[in-house]
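Peer 1: starting from these lines, generate the structure:
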Amino acid sequence: MHGLHPVTSGVRPISSNQHKATRLWLTSPHFYPTYGGAQNRYRSYIPGLLARGLDVRVMTGTPQIQERSEADSDKSWYDAAPGTWLPQITLDGAPLERIRLPDSKNRTRTQIYYDALLDVCQRERQGPTVAQLLTNMRPQALPWLRRLKDSGVATVYSVSQFPTWQQKPVKRILRRRGYQQVYNAFDALVTNSQAIEEFLRSIGVTTRIEYIPNGVNLQRFHPSTTAAEREASTALREKFGIPAEHKVIVAVGAIMPRKGPDKILQAWRRILPHLPDTHVMFVGPRADTHDPKLQKFGEEIEALVAGSGAAHQVHFTGIVDDVENYLRAADVFILASNREGTPNSVLEAMATGLPCLVTPFLGISAGIGQPGEHYQLVEREPEAIAAALTGLLQNDTLATAYAERGQRYVVDNVDQQLSLDRYVALYQELAAAAQRR
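Peer 2: Prediction:
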């Protein structure tokens, strides 16, 4: 591993046996170990992209201080000065480069991150290069995107959920032009939602847009088929003190207002009187305890748990690497978010054979199947959620029907291998065109 040094210290060599292969930089200000849907999804793509001949690298920044996580075993960045490169590590077979970013979101943070991206994209360039940007895109990035394109780097951005500003009429008017310009600066946009594609066109985006389903790793997400998988699920239930005969409702994602954990808890409290042996398991980080802006929301969550009379039946797992085992240990999956793209958490739950309950959200599309056929759609209100949960927990025939149809949908339509083939074809086409440019 190389030592620490500032971004301005020059190019650092990275050895590679794939000099002529298309080099792909997966990049986001937060990638690892930050917990995020887009980051986790692209991380899951790394082995498949490598197997298809791409020279995959990851370039990222550091979490903000309030996003510190127990999963971050490398804490060297805490005391490093902004602009300092951290020791290189390997993530799922790909070299991972991290640069220390300022904790506050400001122009200095933007400049350090994008200067670092320019740096890594221009190293040892003996073949075509693609920069796949994932999250946190802002109009302020436009000058760096133009410099990347001018240097022969193909640029792609993944638009995986509706931007928050588009829900507010005034902000939509004020910000539309800036986002239109920055989106059009990319060689292509990739989205996992046809609804998002329609939105992008509606605000004047003219650049190429590719709709590519997220894809589910079916080798990882599937019902328990081996003794080891069944034992892992049993061990998890025992770890959290959940008896074998009790029912578990599982939600996957960060604990934040958008994900609706308060709605889930309110619904669960309503079903406790007649289903007292029901547990709720939240798989994901406690964003409400890390972000000062969410302190009040966190207090509301704690009050809902404490006032239930069954606080020992609510489980917060934190960040985990084996989500599939937690899904297999559950009986029903729920997504109560108000804004998504195509949430992989639903598709992964379907793939493991769980009946899925989903509330309407901004961005919902046919990418997760058909409501009433592959999953149950219910209003985002505690009473409605409680009634639907009761039906799935008490009616085995209904739950099994949703589970079987949902799993078949995922197997037939969103196998990750198909998505990877489409990504590789896109990257290679754009990289070749950028080289000629």
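Peer 1: does anything pack onto the single longest helix found in the chain? Which helices or strands?
Peer 2: Secondary structure of the chain per DSSP state H: the longest helix is helix 416-436. In terms of contacts (3 or more CB pairs under 8 Å, 6 or more residues apart in numbering; DSSP states H and E), helix 416-436 is packed against helix 37-51, strand 129-133, strand 153-159, strand 188-191. Backbone N, C-alpha and C define where each C-beta goes, glycine included.
Peer 1: which of those sits closest to Pro276?
Peer 2: Each of the helices and strands packed on helix 416-436 has some distance to Pro276 by CB to CB; the shortest is helix 37-51, at 33.1 Å.
Peer 1: pull out the buried residues from the closest one.
Peer 2: Residues 37-46, 48-50 are the ones in helix 37-51 that count as buried (16 or more other CB atoms under 10 Å).
Peer 1: and the contacts of that helix?
Peer 2: 24, 26, 28, 30-32, 56, 58, 91-94, 132, 134-135, 158, 160-161, 214-215, 217, 220, 253, 343-345, 416-417, 419-420, 423-424 (CB atoms under 8 Å, 6 or more residues apart in numbering).
Peer 1: re earlier: could I get the average pLDDT for the longest helix of the chain?
Peer 2: For helix 416-436, mean pLDDT is 94.
Peer 1: that helix: which residues count as buried?
Peer 2: Gln416, Ser419, Leu420, Tyr423, Val424, Leu426, Tyr427, Gln428, Glu429, Leu430, Ala431, Ala434.
Peer 1: pLDDT weak spots in the stretch 251-400 of the chain?
Peer 2: Residues of the stretch 251-400 of the chain meeting the criterion pLDDT under 70: none.
Peer 1: which parts of it are helices?
Peer 2: Along the stretch 251-400 of the chain, the stretches classed as helices by DSSP state H, counting those that start in this stretch are 261-271, 287-290, 295-306, 323-328, 344-351, 382-394, 396-413.
Peer 1: picking up where we left off before, buried among the contacts of helix 37-51? Need that as a selection in PyMOL.
Peer 2: Paste this into PyMOL to select the buried members of these, with burial taken from 16+ other CB under 10 Å:
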select buried, resi 24+26+28+30+31+32+56+58+91+94+132+134+135+158+160+161+214+215+217+253+343+344+345+416+419+420+423+424
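Peer 1: circling back to that earlier point, return the distance of the longest helix of the chain from the chain's centre.
Peer 2: How far helix 416-436 lies from its chain's middle: 21 Å, per CA atoms, centre = their mean, to the nearest Å.
Peer 1: what's the answer for stretch 401-419, then?
Peer 2: Stretch 401-419 has its C-alpha centroid displaced from the chain centroid by 19 Å (CA atoms, centre = their mean).
Peer 1: show me the contacts for the closest residue to Val378 other than its chain neighbours.
Peer 2: Excluding the flanking residues, the one nearest Val378 by CB to CB, 6 or more residues apart in numbering is Ala388, at 4.3 Å. For Ala388, the contact set (CB under 8 Å, 6+ apart) comprises Leu357, Gln376, Val378.
Peer 1: make JSON lines out of the buried residues of helix 416-436 and add distance to Val248.
Peer 2: Formatted as JSON lines, the buried residues of helix 416-436 follow (distance: CB to CB, whole Å):
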{"residue": "Gln416", "distance to Val248": "26"}
{"residue": "Ser419", "distance to Val248": "29"}
{"residue": "Leu420", "distance to Val248": "32"}
{"residue": "Tyr423", "distance to Val248": "34"}
{"residue": "Val424", "distance to Val248": "38"}
{"residue": "Leu426", "distance to Val248": "39"}
{"residue": "Tyr427", "distance to Val248": "40"}
{"residue": "Gln428", "distance to Val248": "44"}
{"residue": "Glu429", "distance to Val248": "45"}
{"residue": "Leu430", "distance to Val248": "44"}
{"residue": "Ala431", "distance to Val248": "45"}
{"residue": "Ala434", "distance to Val248": "49"}
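Peer 1: between the helices of the stretch 251-400 of the chain, which gets nearest to Ile242?
Peer 2: Nearest to Ile242, of these and by CB to CB, is helix 323-328 at 11.3 Å.
Peer 1: the closest one - contacts with which helices or strands?
Peer 2: Contacts defined by 3+ CB pairs under 8 Å, 6+ apart place helix 323-328 against helix 227-239, strand 247-252, strand 278-283, helix 344-351.
Peer 1: ok, residues contacting that helix?
Peer 2: By CB under 8 Å, 6+ apart, the residues outside helix 323-328 that reach it are 220-224, 229-230, 232-233, 236, 250, 252, 281, 283, 317, 320, 333, 348-349, 352-354.
Peer 1: now with 6 Å?
Peer 2: Arg220, Phe221, Ser224, Ala232, Ser233, Leu236, Val283, Ala349, Thr352, Leu354 (CB atoms under 6 Å, 6 or more residues apart in numbering).
Peer 1: what's the neighbour count on the last one?
Peer 2: When counting by other CB atoms under 10 Å, one arrives at 26 neighbours for Leu354.
Peer 1: what sits closest to it if chain neighbours are left out?
Peer 2: Distances taken as CB to CB, 6+ apart put Phe333 closest to Leu354, at 4.4 Å, once the chain neighbours are dropped.
Peer 1: so what are the domain limits for this structure?
Peer 2: Listed by automatic domain parsing, the domain ranges of the chain are 5-215+417-436, 227-413.
Peer 1: fine by me, we can end here.
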